[in-house]
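J.: structure of the sequence below:
(chains A and B)
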Amino acid sequence: MNETKQVKKEQKKPKYRDVAEMVRNVVDEPGFADEFDKRVALRQIVRSLMALRAAAGRSQQDIAAEMKCTQSRISKLEASTDNDLRLGDLTGYSGSLGFTVEIALKPAQWTLADEVKYHAFCMKAILDQMGNLAKKDHSIAKGIARFLNEARYNLGMMIEKAANTVASALRAFGKRNPLDQPHRLTIRVRTKKSDSLFSEIDPLDMSDDSCAAAVSR
Amino acid sequence: MWELEPTDEYERRLKWFARKRRRESQAVLDNLATYLEALRSGAKPQHRPFGFMHAEGYGVWAIDQKGGGGNLAQTRLYVYPDAEKEILHLITLGDKGSQQEDIKTCSNFVAILKAIESNKNERDQAG
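T.: Modelled structure (predicted):
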């Protein structure tokens, strides 16, 4: 096979989303992929910091100057694992790139539903702040209103998409066991006009018109 | 989002290196993971962001084993970032001994890739 055919053939090969996936598919050496997974897991935060530095086009020297330390210290920090990272280094490094650090302490036994609730409460706190901000200036209030309108639609769509996946799974279970009752899943979306009223969306009706109507009611 | 596309040559070499030079392979792949995350975060493919990378010409970068610990043999993974398609081509993997041959492989690969793209563009414009 000539080289051009070879390159064309390779363009049709599967692509990989990350290195660990590629390693698992290509390398058959026992334990190699597991060892690599562990290695990657040890340096997630450090890797993110390095990626942000590269994206900002900054050198280790630049970060060192901001953090008032030597370039070799930054080099050492980038070669270390997350466990070796000091909180001060983390805040200093990310601060020099214009980022702030947010640390969340969460119970280890939290379910995915708990995670969603946690983020919903975080959003509520920020939305309260927005509400207070809107009271101060008319043009800010208009901007926030536009944003909220868009956000409500997008969030509704996200939940609806997830509900649709669940509805498909329920249908599939129903097919496997014909004695099962057909399932109907209902999501409730708070309406625009009144906080006390809810409109119902049937997740099995996934037409755009249905979604748009449901959130703009 | 940036994705990885390995060549057959790269996959053959990686299998060999994983068996014979395990620590070096792990170190190089770790650096590759960092470079991929940098590209996804918005790093410009034509800039050299890390000390474990150096330019080989034709837009090809060599990623080495630096940062992986002491007493590691020189090992290089040759990659070509296609910014337009957001594909990081993994061309080949080698050591000091195969360096000249590896660089030649890379230049051929990029030349052919560009020729294929150029033909495709001409066909698209004509059609």
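
J.: longest helix anywhere in the chain?
T.: Picked chain A for this. helix A:138-176 (DSSP state H).

J.: that answer is for a different chain, and I need it for chain B
T.: Secondary structure of chain B read by DSSP H shows that its longest helix is helix B:99-126.

J.: may I see the buried residues of that one?
T.: Neighbour-count burial for helix B:99-126, with 16 or more other CB atoms under 10 Å in any protein chain shown as criterion, is recorded at B:Asp102, B:Ile103, B:Thr105, B:Cys106, B:Asn108, B:Phe109, B:Val110, B:Ile112, B:Leu113. For the C-beta atoms, the positions are set from N, CA and C on the backbone; glycine is no exception.

J.: ok so, going back, so which elements touch the longest helix of chain A?
T.: Under the contact definition 3 or more CB pairs under 8 Å, 6 or more residues apart in numbering or on different chains; DSSP states H and E, helix A:138-176 sits against helix A:112-134, strand A:187-190, helix A:208-216.

J.: go again using 10 Å as the cut-off
T.: Where contact means 3 or more CB pairs under 10 Å, 6 or more residues apart in numbering or on different chains; DSSP states H and E, helix A:138-176 is packed against helix A:112-134, strand A:187-190, strand A:198-201, helix A:208-216.

J.: buried ones in the longest one?
T.: When burial is assessed from 16+ other CB under 10 Å, helix A:112-134 yields the following buried residues: A:Met130, A:Ala134.

J.: need the contact list for the residue of chain A found nearest chain B.
T.: As assessed by CB to the nearest CB, chain B sits closest to A:Ala54 within chain A, at 3.3 Å. Counting by CB atoms under 10 Å, 6 or more residues apart in numbering or on different chains, A:Ala54 touches B:34-35, B:37-39, B:41-44, B:47-50, B:53.

J.: need the next SSE after the helix or strand hosting A:Met50, C-terminal direction.
T.: Under the criterion of DSSP states H and E, A:Met50 resides in helix A:44-55. The element immediately downstream of helix A:44-55 (helix or strand, assigned by DSSP H and E) is helix A:60-67.

J.: just to revisit the earlier point, chain A: which of the buried residues of helix B:99-126 is nearest?
T.: Looking across the buried residues of helix B:99-126 and measuring by CB to the nearest CB, the closest to chain A is B:Ile112, at 4.5 Å.

J.: shaky segments in chain B?
T.: Along chain B, the model assigns pLDDT under 70 to no residue.

J.: and the residue nearest the centre of chain B, how far from A:Ala145?
T.: Nearest to the geometric centre of chain B sits B:Val79, at 1.2 Å (CA atoms, centre = their mean). If you measure B:Val79 against A:Ala145 using CB to CB, to the nearest Å, the figure is 48 Å.

J.: surely B:Gly94 meets B:Asp102?
T.: Yes. Under the criterion of CB atoms under 10 Å, B:Gly94 makes contact with B:Asp102 at 4.1 Å.

J.: what sits in contact with each of these two?
T.: Joint contacts of B:Gly94 and B:Asp102 (CB under 10 Å, 6+ apart) are B:Glu9, B:Arg13, B:Ala62, B:Arg76, B:Leu77, B:Tyr78.

J.: hmm, back to that, so which of the buried residues of helix B:99-126 reach chain A?
T.: Applying CB under 10 Å from any CB of the partner chain to those, one finds that B:Thr105, B:Asn108, B:Phe109, B:Val110, B:Ile112, B:Leu113 fall near chain A.

J.: what about the shared contacts of B:Gly94 and B:Asp102, which one has the most neighbours?
T.: Most neighbours among these, by other CB atoms under 10 Å in any protein chain shown: B:Leu77, with 27 neighbours.

J.: surely it is in contact with B:Lys66?
T.: No. Counting by CB under 10 Å, B:Leu77 does not reach B:Lys66; the two are 12.0 Å apart.

J.: intersection of neighbour lists for these two?
T.: Shared contacts of B:Leu77 and B:Lys66 (CB under 10 Å, 6+ apart): B:Val28, B:Asn31, B:Phe52, B:Met53.

J.: does the residue nearest to the centre of chain B count as helix, strand or coil?
T.: Three-state assignment for B:Val79 (DSSP: H, G, I helix; E, B strand; the rest coil): strand.

J.: and A:Leu87, how many residues sit next to it?
T.: 9.

J.: got it, and A:Gly143?
T.: Per other CB under 10 Å, the neighbour tally for A:Gly143 reads 14.

J.: what about stretch B:63-82, start to end distance?
T.: Across stretch B:63-82, the terminal residues are separated by 16 Å (CA to CA, to the nearest Å).

J.: ignore what I typed, I meant stretch B:47-65.
T.: 19 Å.

J.: that one near chain A at all?
T.: Yes. Stretch B:47-65 is in contact with chain A by CB under 10 Å from any CB, via B:His47, B:Arg48, B:Pro49, B:Phe50, B:Gly51, B:Phe52, B:Met53.
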